[in-house]
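*Asks:* Give the three-dimensional model of this entry:
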Amino acid sequence: MLRKVAFVIVGISLVLGFVACAKKEEPAAQVAAAPAKPQVVLGEMVLIPAGEFVLGSSEDKESAAYPEQKVNLPAYWIDKYEVTNSQFLDFAIKTGYQGEGAKEGKDWRSFFSPDKGKFPVLFITWNDAKTYCESQGRRLPTEEEWEKAARGPDGRRFPWGNTWDNAKSNTYESGLRDPQEVGRFDEVSSYGVHDMLGNVQEWTSSWYKAYKGNPKKGENFGERYRVLRGASARIYGSRAHLWDRSAYLPKSLYDFGCRCAKDATPEEAAKGAAAK
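*Replies:* Below is the predicted model:
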């Protein structure tokens, strides 16, 4: 009888021991990993559907972006990312293109290094940007196309919305003061276009002319200056707006880059309309 009781006690002890071991060996609860950022595909384009969008602003009557108005555009494509050093280098090698600043020794090559292949190309003139886009079977976007892709159909102040966020964009607030790899920041418009506020200012195909309804007779309006859009790593993004317009001579060489656009075919336009 005593032997039988001993066997029962030992059995219970072994069961409790296995349970205890099983509890110790249970894996720790896993913390959900942050979703991986999508891979940057250089040259990828985003289809912007046809329709109205909000252009400009009526906040300041003295602004070149005055007044706010609705503009209707046909469907078009625009680069998802700014043109990079590696893209421009590939173009220069294949075509022998030197660039308008080469004679002065202060063109894009001065800011290129092997580790900056995915950084936006800068110190390109308007003609450099135009020539590059045309070599790709594309063109520079108009400032209206640029603004729609950046603000979305609801006329946002910033690509992500109307409230400033220091961590969203590579502007002065980031503390970096220089362009960074495209797609590094979570600055994405409602259409999925990246870096339209930060990194570098971007050339458009448009002349710096007064908007319809703007009573201001500025001496700089006309066909002398080309429009650049967006801010940069050296500009306060919190003080900027996606409707802001900058004007420079076409041969200017500063922190200016570009992205390309192209017209959508009727089939592509119909696809964009169906996806709205």
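*Asks:* Isn't residue 131 up against residue 98?
*Replies:* No: counting by C-beta atoms under 8 Å, residue 98 is not a contact partner of residue 131; they are 10.6 Å apart. (Glycine included, C-beta is placed from N, CA and C.)
*Asks:* Please identify which of the two sits among more neighbours.
*Replies:* Set residue 131 next to residue 98 and count neighbours by other C-beta atoms under 10 Å: residue 131 wins out with 16 against 12.
*Asks:* Please name the nearest non-neighbouring residue to the more buried one.
*Replies:* Nearest residue to residue 131, sequence neighbours excluded (C-beta to C-beta, 6 or more residues apart in numbering): residue 97, at 6.5 Å.
*Asks:* Tally up the residues packed near the one you found, please.
*Replies:* With other C-beta under 10 Å as criterion, residue 97 counts 15.
*Asks:* Repeat that for residue 247.
*Replies:* 18.
*Asks:* please renumber so the chain begins at 828
*Replies:* Okay, residue one is now 828; in that scheme the one you just asked about reads as residue 1074.
*Asks:* Can you check my assumption that it lies in a helix?
*Replies:* No: Residue 1074 sits outside any helix when classified using DSSP: H, G, I helix; E, B strand; the rest coil, being strand.
*Asks:* Helix or strand next in line after the helix or strand of the chain with the lowest mean pLDDT, which one?
*Replies:* Least confident helix or strand of the chain, by mean pLDDT, DSSP states H and E, is helix 829-852 with a mean of 36. Heading C-terminal from helix 829-852, the first helix or strand you meet, by DSSP states H and E, is strand 872-875.
*Asks:* show me where this structure has helices.
*Replies:* Secondary structure of the chain (DSSP state H): helices at 829-852, 912-922, 953-962, 970-978, 1093-1102.
*Asks:* And the third one, what does it pack against?
*Replies:* Applying 3 or more C-beta pairs under 8 Å, 6 or more residues apart in numbering; DSSP states H and E, one finds that helix 953-962 contacts helix 912-922, strand 1028-1034.
*Asks:* List the contacts of it.
*Replies:* 910, 914-915, 918, 922, 924, 926-928, 934-935, 951, 966-967, 1030, 1032, 1053, 1075, 1077-1079, 1083-1085, 1087-1088 (C-beta atoms under 8 Å, 6 or more residues apart in numbering).
*Asks:* buried residues in stretch 991-1008?
*Replies:* 991, 995-1001, 1003, 1005-1008 (16 or more other C-beta atoms under 10 Å).
*Asks:* And stretch 1028-1041, by the same measure?
*Replies:* 1028-1033, 1035-1036, 1038, 1041.
*Asks:* for stretch 1044-1055, same thing?
*Replies:* 1048, 1052-1055.
*Asks:* Please apply the same query to stretch 1080-1092.
*Replies:* Under 16+ other C-beta under 10 Å, the buried positions of stretch 1080-1092 are 1080, 1082-1089, 1091.
*Asks:* Closest one to residue 1067 out of those, please.
*Replies:* residue 1082 (14.1 Å; C-beta to C-beta).
*Asks:* what about the chain, any weak spots by pLDDT?
*Replies:* Residue ranges of the chain with pLDDT under 70: 828-863.
*Asks:* Please give me every residue in contact with residue 1102.
*Replies:* residue 876.
*Asks:* 10 Å - rerun?
*Replies:* Counting by C-beta atoms under 10 Å, 6 or more residues apart in numbering, residue 1102 touches 874, 876.
*Asks:* measure it to residue 1096 for me?
*Replies:* Going from residue 1102 to residue 1096 by C-beta to C-beta, to the nearest Å gives 11 Å.
*Asks:* Repeat that for residue 1002.
*Replies:* Per C-beta to C-beta, residue 1002 is found 42 Å from residue 1096.
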